[in-house]
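Undergrad: What follows is a protein structure lacking sequence information:
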């Protein structure tokens, strides 16, 4: 059974399902530090040792047994759909990646040609973002002109793969309450090294990739773009209890693990 995006500490103290654009770099570094007493030197996504990942072939049997055995503490983090899609735009579309190139090579030229998305110079952020959102809608609803990218496919879709293949979460927390969420996780497991979540560095590996957001979050979403958001991320809004209006706030209610499990197993 496949468990994409699933990580586990080398000591097998905890299991984490990565959800892109939801503080995954910082979570991964916390897991690495908990085992080794130091942070991984570089982007944790590049680590090939010191942490188990489904992408590493030798880790797969251990991960499958741990996830389906349901004995290890298993968690993930989600994010407000409005701030997450904006982060995807500024990082993956408007930004230059660590390799000095645009994300996915010809993606941005295609967006410019087919959707009128401009990201060069002093471009109109609001206009280009709204056109990007039309593209996102097309990838999610119609899988055209490509399948949805992991950075803007719904959080619930990422979360569901672990459940559908036999796992179960002990805890899901919103990144808007990151410190409280990670403190709760660490309080539930035994680690080789303690870590102070309040004072540790943050590992935002996309920071500096693109231009800074120039406007309040609500300015990017008119009636049409908000309608699109509610259409393509409806399950995220409902499952993870986010308000259905442009904001970067935490959920308005607590995330119900039993509800998440029941609805994502259907």
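TA: That came in fine, so what should we check first? As the structure is a computational prediction, the values presented were derived from the model and not from experiment.
Undergrad: Only C-alpha atoms from now on, for both contacts and neighbour counts.
TA: Will do.
Undergrad: State the helix or strand in which residue 134 lies.
TA: Secondary-structure element containing residue 134, defined by DSSP states H and E: helix 125-142.
Undergrad: ah, wrong one, I meant residue 27
TA: Taking DSSP H and E as the criterion, the element that holds residue 27 is helix 24-36.
Undergrad: Which SSE is immediately downstream of that helix?
TA: Of the helices and strands lying after helix 24-36 in sequence (DSSP H and E), the nearest is strand 51-53.
Undergrad: All the strands of the stretch 151-266 of the chain, in order from the start?
TA: When assigned using DSSP state E, counting those that start in this stretch, the strands of the stretch 151-266 of the chain occupy the ranges 171-174.
Undergrad: returning to that earlier point: give me the distance between the helix holding residue 27 and the centre of its chain.
TA: For helix 24-36, the gap between its own C-alpha mean and the chain's C-alpha mean amounts to 15 Å (C-alpha atoms, centre = their mean, to the nearest Å).
Undergrad: Then stretch 16-33?
TA: Put simply, stretch 16-33 sits 9 Å off its chain's centre (C-alpha atoms, centre = their mean).
Undergrad: please renumber so the chain begins at 49
TA: From this message on, residue numbering opens at 49, which makes the last subject stretch 64-81.
Undergrad: Figure out the length between the terminal residues of it.
TA: Between the start and the finish of stretch 64-81 there is a gap of 14 Å, counting by C-alpha to C-alpha, to the nearest Å.
Undergrad: and that stretch, average pLDDT?
TA: Stretch 64-81 comes out with an average pLDDT of 97.
Undergrad: What residues sit buried inside that stretch?
TA: For stretch 64-81, burial by neighbour count (16 or more other C-alpha atoms under 10 Å) applies to 64-81.
Undergrad: for residue 285, what are its contacts?
TA: With contact set as C-alpha atoms under 8 Å, 6 or more residues apart in numbering, residue 285 has these partners: 129, 278, 291-292.
Undergrad: For these, pick the one with the most neighbours.
TA: Of all the contacts of residue 285, the most densely surrounded is residue 129 (26 neighbours; neighbours counted as other C-alpha atoms under 10 Å).
Undergrad: Please list all residues in contact with it.
TA: Shown in contact with residue 129 (C-alpha under 8 Å, 6+ apart): 277, 281, 284-285.
Undergrad: could you check the distance from it over to residue 223?
TA: 11 Å.
Undergrad: unless I'm mixing things up, residue 65 is touching residue 210, no?
TA: Yes: here residue 65 lies in contact with residue 210, judged by C-alpha atoms under 8 Å, at a distance of 7.5 Å.
Undergrad: who touches both of those two?
TA: With C-alpha under 8 Å, 6+ apart as the test, residue 65 and residue 210 both reach residue 54.
Undergrad: mind listing the helices for the stretch 199-314 of the chain?
TA: Counting by DSSP state H, counting those that start in this stretch, the segments of the stretch 199-314 of the chain that form helices are 203-212, 226-235, 271-280, 282-288, 305-312.
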